[in-house]
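> Build the 3D model from these lines:
(chains A and B)
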Number of protein chains: 2
Amino acid sequence: MKALAELLEGYQGPLLRANALDVARLDPADPRRDRLLLTGPRIAAIAASIRKVSRLPDPSGRLLDRRVLTNGLRVEKRSVPLGVVGAIYESRPNVTFDIAALCLRSRNGCLLKGSQEAAETNRAGIRLIRRALKAGGMPPDCVVLLPPEREVVAELLTATRWVDVIIPRGSDALIRYVRANSLVPVIETGAGVCHVYVEKEADLDMAVRIVVNAKVSRPSVCNAMDTLIVDRRIAPALLSGLRGPLEKNGVEIFADAAGVRMLRGYPLLRGATEEDYAREWLSLKCAVKVVAGMDEALAHIGRYSTRHSEAIVSGNKKQCERFLAEVDAAAVYANASTRFTDGEELGLGVEIGISTQKLHARGPFALEKLVTEKWIMRGNGQVR
Amino acid sequence: MKALAELLEGYQGPLLRANALDVARLDPADPRRDRLLLTGPRIAAIAASIRKVSRLPDPSGRLLDRRVLTNGLRVEKRSVPLGVVGAIYESRPNVTFDIAALCLRSRNGCLLKGSQEAAETNRAGIRLIRRALKAGGMPPDCVVLLPPEREVVAELLTATRWVDVIIPRGSDALIRYVRANSLVPVIETGAGVCHVYVEKEADLDMAVRIVVNAKVSRPSVCNAMDTLIVDRRIAPALLSGLRGPLEKNGVEIFADAAGVRMLRGYPLLRGATEEDYAREWLSLKCAVKVVAGMDEALAHIGRYSTRHSEAIVSGNKKQCERFLAEVDAAAVYANASTRFTDGEELGLGVEIGISTQKLHARGPFALEKLVTEKWIMRGNGQVR
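Numbers count the residues shown, from 1 in each chain, chains lettered A, B, ... in the order given. The predicted structure follows:
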């Protein structure tokens, strides 16, 4: 893997030339163009990410359980590689390298299915990966690039005998398609409709800091706040404290009737519709909901949350603990920004995404989850 | 749950009467009749199983990870209930009670979809369950029996917002249907095409004991041996030792050409076809394959195994360790019978089945796997 990082930095030429062919085929106004574009600094960032993965501990081979049965049979449960990981993704060229690096580090083989738009880039990328594998004495076929044609996806999703898990990475539409059509088990990483609930006993300065951070520090990501829920007893004070920083950052607010009243005069103010509360904004927009208290806050979250990241701000420990226990989400916070739901922040390393499903991986889906278990029994003739 | 076990034993009348109605509707020759039938001893066995589950430790609330970030954010990962478990099963009435007990013990709600044939029995069963829940001060709706009509299944499999995991329990056809049609994540428990490989350095007496046990101790279950693989150098000696015990137990043998030659005169001898090696017999039948050595044995297992339970018998430690490392299965054995792949045998308690998939649960799927994870963060104003 270090060889791959070095190759990437040393031989940028072919990769950049292949990428230029792909980019030239897209309309200059196409938003995929920027996602697809490789530059020197972007390649350096990919190489840095590969080096980071190479330094993470191998998640396979860990002893998970050990017992000796009364008949003397020695039983171990160990983590082992999943086997073959199938990844389906869109136009970001770093995904090819990220997934390959994570799979190699965890001793998995992988089948990569990138998009048609990135076909030349991915072909150049896989040549570098295979060269690095050969240089490291590994079989180059442990990373295979599938043809970019769409029909390949249907084959991949039904290859239950050959593929152990499918990881779709990209738009909601891609993930929904894979979920609906795969016979191979899927690990989904999902959208986050995330809430921050400012409870009536919140420290207002802290609440302003957390809300602003959760909304504006990186609005395009899944752990950013989508809806602010606030207790009506402190809503006027909180919203008056938020006005300045939100306006300065150009945040557009979609508020319920009570919120609209309290925010009168805020330049980017709209009335919220039912759909606005179900929206993952991924931008500098924010819904606001004024509630009578914890019960109403929990009901709102139960209805609209996608079970990603949910936060409460409150100085009341009991209220905090009730929120942490009752909210059903991958990550729940008391008195901190939702933005920490992230593999790197939590010390798990580069992540594939945030899983909002409940099986196998929940929350940051990183290297440590690219394994399964195996029961290993050593005996001396035990029968039942 | 103890209340439920007591109710079951104390009020068998209504349950037995309801069951008699169901049983009477089936043709006396229908094999489902015996599976469906409840008797006093069968009810006592169900009650005993519920008591066993009630004594297992609650798998939720366990601390799985704990870290403090450099900014002071206190991070915990804990096991929490999955939420709502949807179970789809066939005519065995014990499944209603088993699943309800496992879900209650792990604090999960459950939706039970039994078969039309068991409709009266299940309705009587759920009345007892709800009575026990009320007596214990729990909301009776945490166990819900769905109507027995088939259309309910399609609704259940697409209720992604309300159901967290689907567990199909029953025939291969049921499991395949669920896998192909569910949008809700599924935990599959699968068929076992299990092999015992007797390597050339095996202790022959031990090998005979293990092979006979793996085949005949309970041929109808998934961890029973389906194919015996034997090194050609010891095949004549092993097969001659197996003749007597296998014949005595009425085992029918499907052997390859070499095996047929060596077993000449065995009364229940057939030539094996390709399909015979892919068969989960679930009966007193057994395929035999004579191989040149480890490589051929591993290739055969790689081709026909359903990745359930695989065993080697050998006195050579290196060969054993190679087999344990290279065979991809939920449970791998050196010098022991495959029959130990079982939740109760391994001390995990009543199992829902043996998972042959790789995500979330692999091997015995028991109480401890009816949980997911939750990241719980406690801060004092941390922002990113």
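> Leaving out chain neighbours, which residue sits closest to the closest residue to chain B within the stretch 101-250 of chain A?
Residue nearest to chain B within the stretch 101-250 of chain A (C-beta to the nearest C-beta): residue A:213, separated by 3.6 Å. C-beta: built from backbone N, CA, C; applies to glycine. Among residues not flanking residue A:213 along the chain, residue B:383 sits closest, at 3.6 Å (C-beta to C-beta, 6 or more residues apart in numbering or on different chains).
> Any idea how many residues pack against the one you found?
17 (other C-beta atoms under 10 Å in any protein chain shown).
> how about it, what does it touch?
Contact partners of residue B:383, counting by C-beta atoms under 8 Å, 6 or more residues apart in numbering or on different chains, are A:209, A:210, A:213, A:214, A:217, A:336, A:337, A:339.
> So the residue of the stretch 101-250 of chain A closest to chain B sits against residue B:381, correct?
No - taking C-beta atoms under 8 Å as the definition, residue A:213 is not a contact partner of residue B:381, at 9.7 Å.
> Please say which of the two ends up with more neighbours.
In terms of neighbours (other C-beta under 10 Å), residue A:213 is the more surrounded of residue A:213 and residue B:381; the figures are 22 against 18.
> beta partners for residue A:373?
Beta-bridge partners recorded for residue A:373 (DSSP bridges): residue A:79.
> how close does it sit to residue B:358?
8 Å (C-beta to C-beta, to the nearest Å).
> what residues does the stretch 201-350 of chain A put near chain B?
Selection of the stretch 201-350 of chain A residues close to chain B by C-beta under 8 Å from any C-beta of the partner chain yields A:203, A:206, A:209-210, A:213-214, A:217, A:320, A:324, A:328-337, A:339-341, A:345-347.
> Could I get the full set of helices for the stretch 151-300 of chain A?
Ranges of helices in the stretch 151-300 of chain A, per DSSP state H, counting those that start in this stretch, are A:151-157, A:172-181, A:204-216, A:235-248, A:257-262, A:294-304.
> which other helices and strands contact the last one?
In other words, helix A:294-304. Helix A:294-304 makes packing contacts with strand A:194-198, strand A:225-231, strand A:285-291, helix A:317-326 when contacts are defined by 3 or more C-beta pairs under 8 Å, 6 or more residues apart in numbering or on different chains; DSSP states H and E.
> Next, the angle from the first one to strand A:285-291.
In this case it means strand A:194-198. 40 degrees (axes from the mean of the first three to the mean of the last three C-alpha atoms, to 10 degrees).
> Pairing partners for strand A:194-198, with directions?
When DSSP bridges is applied, strand A:194-198 pairs with strand A:225-231 (parallel), strand A:309-313 (parallel).
> Contacts for it, please.
A:207, A:210-211, A:214, A:222-231, A:234, A:238, A:291, A:297, A:300-301, A:304-305, A:308-314, A:323, A:337-338.
> just the angle between it and helix A:317-326, please?
160 degrees.
> go on, the second one?
Interaxial angle, strand A:225-231 versus helix A:317-326 (the same axes, to 10 degrees): 140 degrees.
> Name the helix or strand for the closest residue to residue A:66 other than its chain neighbours, please.
Spatial nearest neighbour of residue A:66, chain neighbours left out: residue A:76 (5.2 Å); criterion: C-beta to C-beta, 6+ apart. Element membership of residue A:76, judged by DSSP states H and E, is strand A:74-81.
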